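K.L.:
fold the following and give me the result.
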Amino acid sequence: MFSVLVKLKWFFGMNWKRYTLAITLLVVTGIIDIIPPWLLGYLIDGISQNTLGTDDFHRTMVFWIALTIVGYLITYVWHYKLFGGAFVLERLLRSNLIGHFLRMKPTFYERNRTGDLMARSTNDLNAVATTAGFGILTLVDSTLFMITILIVMAAGISLKLTLAALLPLPIMAIAMSYYGKKIHERFMDAQNAFGELNDGVLESVSGVRVIRAFVREEASAKSFGAKTDEVLEKNIAVARIDALFEPTLKILVGSSYLIGLCYGGYLVFHSEITLGELVSFNVFLGMLIWPMFAIGELINIMQRGNASLDRVEETLGYKPDVKESERSVTVGEPTELDFRHVTFRYPSSETDNLRDVSFMLRKGETLGVVGRTGSGKTTLLRQLLREYPVGKGDIAVSGVPLQQLKFDELLGWIGYVPQQPILFSRTVRDNIYFGSSDGAGNEEDLQRALKRAAFAKDIELLPDGLDTMVGEKGVALSGGQKQRVSIARALIADPDILMLDDALSAVDAKTEAEIIDGIRTERAGKTTLITTHRLSAVQHADWIIVLDEGRIIEQGKHEELLQRGGWYREQYDRQQLEADIEQE
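P.N.:
Okay, the predicted model is just below:
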């Protein structure tokens, strides 16, 4: 049960001063809380035995009031320190998680659902933080505070009465141990189900247009309802065990109270304790109700926290598939890009996705990569992004193997425009400025990027111009507009290597020509890689390779490939015919 505290010892070590002060003051508060019941017994005996003078009564009351004020101030400090520490832990773990998410490669997200990761970043972190705050409180109150009260009851009033009142405790220990084990198992199931529910919500919201287009609203609602019912059932299963804690404790605490009252009356009748001591004992017994409840809360919180921390640590413990070399080499700038007999296979693939690919691209040159769908065009670009472990063969930048380059330096050279543009739920301006090194830029660079991306004329059509909110994933923009914003974002960064991954598929031929001209002007003297289905986008390239099933089947300049009469020529003729038909 307490293994969660062992797992968090690194945090308690970092904040030992905070927790030492909080626990110390919590213990002091417990000692202060014991004094008023003793004073009550003292006053009752003094009044009943007529031994309490007026001055003694006044001094006792003043002392009692002063004690209450001091206890309040001390309680404020330990409460601030203890629960403040819980918030510090939650913030630290959340920062660690988001840092971990940003470092992870695609394989991590292929194996983990987004909804489940969100659940671990919210509900699970909250449960762990509760352990570091309220959990420590229940631990101290159910141990030190309880032991202190028991010592006072046994030593200051009656050992026999104390032992008799504690007879139900062994039953409580057995019940709490059983409940705690069940809570851990069921809470893990409930959290996993909640993660699946989160994932379903995300998919439904992001795919709402497709759901409506196929008239699947009712089916989607039923599926979501079924998952909601599953989450409800699993949480009710937790609640069933949780609900047993309080009744069990009430029965056992009530039994303790009954034994203390009956046996205590017997001892008073036989003059073994005074009436005031019996009253004090019953007040102390009443004070034991919270520590006894705290035992149940402690088990509940610790088991929930342990289950949640296991899920968080499982996520943080995932090792990246691609690691930076311990002997990284600094290059300065990429002068040439060299692929030598590169063969690559995705971790989940049964066949090679690239086969014996070789080419060299010098600084300032443009490479066109074409081929049918699934031929390996995107896979080739991903080799430079280091998203997956390298396969066979060698990839070198400026003569240095890709594996020896620092991630930050390599990715700092690259401006990447993916097939599916990813825009943030901010303004058009913010999304474009995101590409600059500091996330901000000047108006001149912005306008130049807009012009090169052929998006300047669209600004006037947007409701608020550059300050138009694009919505989640750019939902407020058309497919072509999203692509051009994404291109402008890459161009404003002015990267050494620009990679366009079929980034012109949603624009018309005229706009495509505009963008290509803008890129050629902007990218003079810098390296560019373009993958596309439309050959008009790569006619200007210094070198073109044609991929089929991951293998280069043709390569050369545009004119050379046309003369060979292979796949490239067939595709070119077909696209030219389609263009002529559209013009007619």
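
K.L.:
buried ones in stretch 325-342?
P.N.:
Buried residues in stretch 325-342, defined by neighbour count with 16 or more other C-beta atoms under 10 Å: 331, 334, 337-339, 342. The way it works is simple: take the backbone N, C-alpha and C, and place the C-beta from them, glycine included.

K.L.:
can you check stretch 499-519 too?
P.N.:
Under 16+ other C-beta under 10 Å, the buried positions of stretch 499-519 are 499-504, 506-507, 509, 511-512, 514-516, 518-519.

K.L.:
any chance of TSV for the buried residues of stretch 325-342, columns secondary structure?
P.N.:
Below are the buried residues of stretch 325-342 laid out as TSV (DSSP: H, G, I helix; E, B strand; the rest coil):
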residue	secondary structure
Val331	coil
Pro334	coil
Leu337	strand
Asp338	strand
Phe339	strand
Val342	strand
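
K.L.:
run through the stretch 251-400 of the chain and note the low-pLDDT ranges.
P.N.:
Applying pLDDT under 70 to the stretch 251-400 of the chain flags no residue at all.

K.L.:
so which residues of it form strands?
P.N.:
Assigned by DSSP state E, counting those that start in this stretch, the strands in the stretch 251-400 of the chain fall at 336-344, 354-362, 366-371, 392-397, 400-401.

K.L.:
contacts for the helix or strand bottoming out on mean pLDDT in the chain next, please.
P.N.:
The helix or strand of the chain with the poorest confidence is helix 208-213; it has a mean of 73 (mean pLDDT, DSSP states H and E). Residues outside helix 208-213 that contact it (C-beta atoms under 8 Å, 6 or more residues apart in numbering) are 204, 216-217, 220.

K.L.:
out of those, list just those in helices.
P.N.:
204, 217, 220 (DSSP state H).

K.L.:
just give me the neighbour total for Arg574.
P.N.:
Arg574 has 11 neighbours, counted by other C-beta atoms under 10 Å.

K.L.:
next one, pLDDT for it please.
P.N.:
For Arg574, the model assigns a pLDDT of 88.

K.L.:
can I assume it sits in a helix?
P.N.:
Yes - the assignment for Arg574 (three-state DSSP) places it in a helix.

K.L.:
geometric centre of this structure: which residue is closest?
P.N.:
Among the residues of the chain, the one closest to the centroid is Ser121, at 3.6 Å (C-alpha atoms, centre = their mean).

K.L.:
and the nearest residue to that residue once chain neighbours are set aside, how many residues sit next to it?
P.N.:
Closest residue to Ser121 apart from its sequence neighbours, by C-beta to C-beta, 6 or more residues apart in numbering: Leu97 at 5.4 Å. Around Leu97 there are 18 other residues, counting by other C-beta under 10 Å.

K.L.:
roughly how far is the helix or strand hosting Ile581 from the heart of the chain?
P.N.:
Here Ile581 sits within helix 567-583, counting by DSSP states H and E. Between the centre of helix 567-583 and the centre of its chain there are 48 Å (C-alpha atoms, centre = their mean, to the nearest Å).

K.L.:
swap in stretch 6-21?
P.N.:
Relative to the mean C-alpha coordinate of its chain, stretch 6-21 is positioned 23 Å out (C-alpha atoms, centre = their mean).

K.L.:
what sits up against that stretch?
P.N.:
5, 77-78, 81-82, 84-85, 88-89, 92, 128, 131-132, 136, 306, 309, 313.

K.L.:
what's the answer for stretch 46-62, then?
P.N.:
Residues outside stretch 46-62 that contact it (C-beta under 8 Å, 6+ apart): 39, 42-43, 45, 275-276.

K.L.:
and which of those is nearest to Phe63?
P.N.:
Ranked by distance to Phe63 (C-beta to C-beta), those are led by Leu39 at 7.6 Å.

K.L.:
give me the pLDDT for Gly439.
P.N.:
For Gly439, pLDDT reads 58.

K.L.:
show me where pLDDT drops low in the stretch 51-200 of the chain?
P.N.:
By pLDDT under 70, the low-scoring segments of the stretch 51-200 of the chain are 173, 177.

K.L.:
still on that earlier bit, tell me which two of the buried residues of stretch 499-519 sit farthest apart.
P.N.:
For these, the farthest-apart pair by C-beta to C-beta is Met499 and Ala509; their separation is 22.1 Å.

K.L.:
what's the local residue count around Ser308?
P.N.:
Neighbour count for Ser308, taken as other C-beta under 10 Å: 25.

K.L.:
please enumerate the helices of the stretch 251-400 of the chain.
P.N.:
Remark: helices assigned in the stretch 251-400 of the chain by DSSP state H, counting those that start in this stretch are 275-287, 289-316, 377-385.

K.L.:
out of those helices, nearest to Val152?
P.N.:
Using C-beta to C-beta, the helices of the stretch 251-400 of the chain put helix 275-287 closest to Val152, at 6.6 Å.

K.L.:
contacts for the closest one, please.
P.N.:
Applying C-beta under 8 Å, 6+ apart, the contact partners of helix 275-287 are 33-34, 37-38, 40-46, 48, 149, 152-153, 157-158, 161, 165, 256-257, 260-261, 264-265, 267-268, 273.

K.L.:
which among the residues you listed end up buried?
P.N.:
Neighbour-count burial (16+ other C-beta under 10 Å) is assigned, among the contacts of helix 275-287, to 33-34, 37-38, 40-46, 149, 152-153, 157-158, 161, 165, 256-257, 260, 264, 267-268, 273.

K.L.:
take those residues and keep only those in helices.
P.N.:
The members of those that map onto helices under DSSP H are 33-34, 37-38, 40-46, 149, 152-153, 161, 165, 256-257, 260, 264, 267-268.

K.L.:
separation between Asp517 and Asn112?
P.N.:
43 Å (C-beta to C-beta, to the nearest Å).

K.L.:
please apply the same query to Thr531.
P.N.:
For Thr531, the distance to Asn112 - C-beta to C-beta - is 28 Å.

K.L.:
redo the ones in helices among the contacts of helix 208-213 as a markdown table? Include neighbour count, pLDDT and distance to Leu535.
P.N.:
Formatted as a markdown table, the ones in helices among the contacts of helix 208-213 follow (neighbours: other C-beta atoms under 10 Å; pLDDT from 0 to 100; distance: C-beta to C-beta, whole Å):
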| residue | neighbour count | pLDDT | distance to Leu535 |
| --- | --- | --- | --- |
| Ser204 | 15 | 77 | 39 |
| Glu217 | 12 | 78 | 41 |
| Ser220 | 18 | 82 | 40 |
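
K.L.:
which of the residues you listed sits closest to Pro320?
P.N.:
Ser204 (30.4 Å).

K.L.:
which residue is the nearest non-sequential neighbour of that closest one?
P.N.:
Closest residue in space to Ser204, ignoring its immediate chain neighbours: Ser220 at 5.8 Å, by C-beta to C-beta, 6+ apart.

K.L.:
of all the contacts of helix 208-213, which comes closest to Ser486?
P.N.:
Ser204 (25.3 Å).

K.L.:
what about the helices in the stretch 1-150 of the chain?
P.N.:
3-7, 9-14, 16-48, 54-103, 106-111, 114-119, 125-130, 136-140, 146-156.
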